Structures are given as C-alpha cells and as structure tokens.
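Undergrad: only geometry, no sequence info:
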C-alpha cells in the first residue's frame, strides 16, 4: 500500500490527465462526452489495474501508461456500447477490434467507427492503441505472453458484442457462445463464464510478467490458467453484485440476476473465491496474488452501494464473516480511501 500511495496513484493520475486533455479535443460531441465520462467515472479501474506495477516498480514507467491506455480503451468502448445509438453487433466487434490491435502490434490499424454514425474522434482511439503498442515494445518477455493475452482479449471482445446487442437476443447469443467454450470452464455456469471473460486482470498480470526478459511460454500459460477463470470471474461477479439495483433501473445485463435466490448466489461466489485462492497458489510470489484476491473482495464489499441494497448487504456480511486479517485490512483501508476522496 505504501508503494500504491507513493508511486502508483500519482502516476495513474498523471496518465489519465493526459488522456483527458486529448479526449476534450474530440470533435464529435457524443464521442467526446463518452470519452470524458469514462475517464471521470471509471478511473478506479485504472487505479486498480495499475496495482500490478507495484510488483515491479523499476518498470512502472512502462507498465502504468500501458495499463492505463488499455483500460481506458475498455472503459471508453463500454460507455459507447452501453449508450449506443446502434444495436449492430458488427459495429461493436469493429470497435473492440481496437483492443485486439492494441495487443498485437503486427495487426493493421482500422477505421474502428466505420459502422456507426459518430465517427470523428480526432484520432483518440488510434492514439490509445498506439500507446499500448509503444508500451508493449518495451516489454522484453512479450512474445511469450502475447498468445495468452490475445486469448483473453478475444474472449473479452466476444462478450462485449453479445452483452450489448438487442436485449431480446443477448441471452440466447451468450448461451450459444458458452456452448462453444464451456469445456474450458466445466465448473462454471454460463453467467459465471461470461463474467470471467469480462475482466482485464489476467491481461494486466501478463503485462507484468512480460516485463521480465526470462518469461517463457510455459510460465505465461501457468499465469493465464491461474487467473482465468476464477480470479477474473471473481472480479466481475463482485462488480455485478453491487450494481444489481443500478443495472435493473438502467435495463442493463447483470450476471448476478440469473441466480434463483440469494443463497445460491452466495454459495457460487464463495466457490469462485475458493477457486481463485487455489489457482494462484501455483504462482511464484503467490502472496501477492492472494493480496489481489482479498483486496478485490474488500474493495467491492466496502462500496457505498452495498449499504443501499438490503439483499446485497446481507450477502456482503456473510462473505466478510470469518474473513482473513488481510481482507479486513483492505476493507478498512478501502473505506478510508473513499472518505478521503469525498
């Protein structure tokens, strides 16, 4: 936490301030609005992701701009698709091709707005893609990590397409997609698999691993398999857990709403927590990854949204019961941070 306060958060703030200036110059008013809103309301995604740079402070000048640029693409496109004037899956896929292009420098850049009305972003999205490529070029072990990063980003792209199409079609599309992939995660329900594909944590961990010139393909696969599906799934299921009321009002898809009752939801999330802990035990410096897991649980369960929803408050209390001291520390720390930001 000392590293996070002293180095990570200030560097993230500086990186986001730079992108905020670029976003403010976007010619199209709708694209400008969504770009600025994504930075303002979702900056904690970048702050959380950049925690991985704390494990290699010497390379934070590479890792933090890379993580911030990649996460900013994700948040910007999520805003665009959530508030889209389009329901075209082709549009959503072309937009998210930018994320695949960002992690595959050999791919040609494209006109990512070609299938929508709002198109003039003044080069904002391409600049983000190029920033990612610039960071990647400074990671000596990237070639070993690239196939596994591409796999995660490909699944993320699929999810963003299917979750944003016409609400009448999206559940069937998600179920058909799961049928193609369910052998990868036989222990998960379809909504849990989909949630796992929506996390960028596995990508960030592989960025960190690629900052080591000694990284090889075998080690990269171990990291991929340790993070996907349980650590990634936990991240997004907790996010959906606290957003249930908000998503119901907005008519947005929420993967926690597919459980038949509160007890089932609690049991399944607890199972994912246990799976995440077991998976990261195979990684070097496993205590760092345990810290990430406990930090995630504490961060989300300390969110003010929890106290505003009776059912979620009950689930939170049960998940926090008999918590390890590390989780309790992060819970208190998260509440303290939020008070400072008010």
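TA: It's in. Note that the structure is a prediction, hence the values are computed from the model and not measured.
Undergrad: Can you pull the phi/psi pair for residue 214?
TA: Backbone torsions of residue 214, given as degrees, to the nearest 10, read phi -90, psi 0.
Undergrad: Oops, could you answer that again for residue 146 instead?
TA: Dihedral angles (degrees, to the nearest 10) for residue 146: phi -50, psi -50.
Undergrad: Over to residue 113?
TA: Main-chain dihedrals, residue 113, degrees, to the nearest 10: phi -100, psi 10.
Undergrad: Counting neighbours, what do you get for it?
TA: Per other CB atoms under 10 Å, the neighbour tally for residue 113 reads 19. Where C-beta positions appear, they are placed from N, C-alpha and C, glycine not excepted.
Undergrad: Also the one 5 residues further on?
TA: Applying the criterion other CB under 10 Å, we find 18 residues in the vicinity of residue 118.
Undergrad: can I assume it is in contact with residue 30?
TA: Yes: under the criterion of CB atoms under 8 Å, residue 118 makes contact with residue 30 at 4.8 Å.
Undergrad: Point out where the protein drops to low pLDDT.
TA: Within the chain, the ranges that satisfy pLDDT under 70 run 84-85, 303-304, 306-331, 334-342.
Undergrad: quick one: contacts for the nearest residue in space to residue 279 that is not next to it in sequence?
TA: Spatial nearest neighbour of residue 279, excluding adjacent residues (CB to CB, 6 or more residues apart in numbering): residue 226 at 4.6 Å. Residue 226 is in contact with 279-280, 282-283, 289, counting by CB atoms under 8 Å, 6 or more residues apart in numbering.
Undergrad: contacting residues for the closest residue to residue 255 other than its chain neighbours?
TA: With CB to CB, 6+ apart as the criterion, residue 255 has its nearest non-adjacent residue at 4.1 Å, and that residue is residue 191. Counting by CB under 8 Å, 6+ apart, residue 191 touches 255-256, 258-259.
Undergrad: Now residue 191: which helix or strand?
TA: helix 190-197 (DSSP states H and E).
Undergrad: what do you get for residue 108?
TA: Residue 108 is part of no helix or strand, with elements assigned from DSSP H and E.
Undergrad: Can you get me a residue count around it?
TA: Applying other CB under 10 Å, I find that residue 108 has 6 neighbouring residues.
Undergrad: so which strand or helix has the nearest residue to it once chain neighbours are set aside?
TA: Distance criterion CB to CB, 6+ apart; nearest residue to residue 108, sequence neighbours excluded, is residue 101 at 7.7 Å. Element membership for residue 101 (DSSP H and E) is helix 89-103.
Undergrad: Counting neighbours, show which residues of that helix come out buried.
TA: Using 16 or more other CB atoms under 10 Å as the test for burial, helix 89-103 gives 89, 91-103.
Undergrad: distance between the helix or strand following that helix and the chain's centre?
TA: Using DSSP H and E, the helix or strand that follows helix 89-103 in sequence is helix 124-136. In terms of CA atoms, centre = their mean, to the nearest Å, the centre of helix 124-136 is found 18 Å from the chain centre.
Undergrad: and helix 124-136 with helix 89-103, angle?
TA: Helix 124-136 runs at 30 degrees relative to helix 89-103, counting by axes from the mean of the first three to the mean of the last three CA atoms, to 10 degrees.
Undergrad: Now do helix 124-136: which elements does it pack against?
TA: Applying 3 or more CB pairs under 8 Å, 6 or more residues apart in numbering; DSSP states H and E, one finds that helix 124-136 contacts helix 9-24, helix 60-82, helix 89-103.
Undergrad: rerun that using 10 Å as the cut-off
TA: On a contact count with 3 or more CB pairs under 10 Å, 6 or more residues apart in numbering; DSSP states H and E, helix 124-136 meets helix 9-24, helix 29-41, helix 60-82, helix 89-103, helix 142-164, helix 201-210.
Undergrad: May I see those helices arranged in a markdown table, with distance to residue 300 as well?
TA: Below are those laid out as a markdown table (distance: least, CB to CB, whole Å):
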| stretch | distance to residue 300 |
| --- | --- |
| helix 9-24 | 19 |
| helix 29-41 | 16 |
| helix 60-82 | 17 |
| helix 89-103 | 24 |
| helix 142-164 | 19 |
| helix 201-210 | 13 |
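Undergrad: Those helices: which one's closest to residue 3?
TA: Ranking the helices and strands packed on helix 124-136 by their distance to residue 3 (criterion: CB to CB) puts helix 60-82 first, at 8.9 Å.
Undergrad: In that closest one, which residues are buried?
TA: Under the neighbour-count criterion of 16+ other CB under 10 Å, helix 60-82 has 60, 62-81 buried.
Undergrad: now for it, which elements pack on it?
TA: Helices and strands touching helix 60-82, by 3+ CB pairs under 10 Å, 6+ apart, are helix 9-24, helix 29-41, helix 43-49, helix 89-103, helix 124-136, helix 142-164, helix 201-210.
Undergrad: Go through those and name the closest to residue 273.
TA: Nearest to residue 273 among the helices and strands packed on helix 60-82 is helix 201-210; the distance by CB to CB comes to 14.4 Å.
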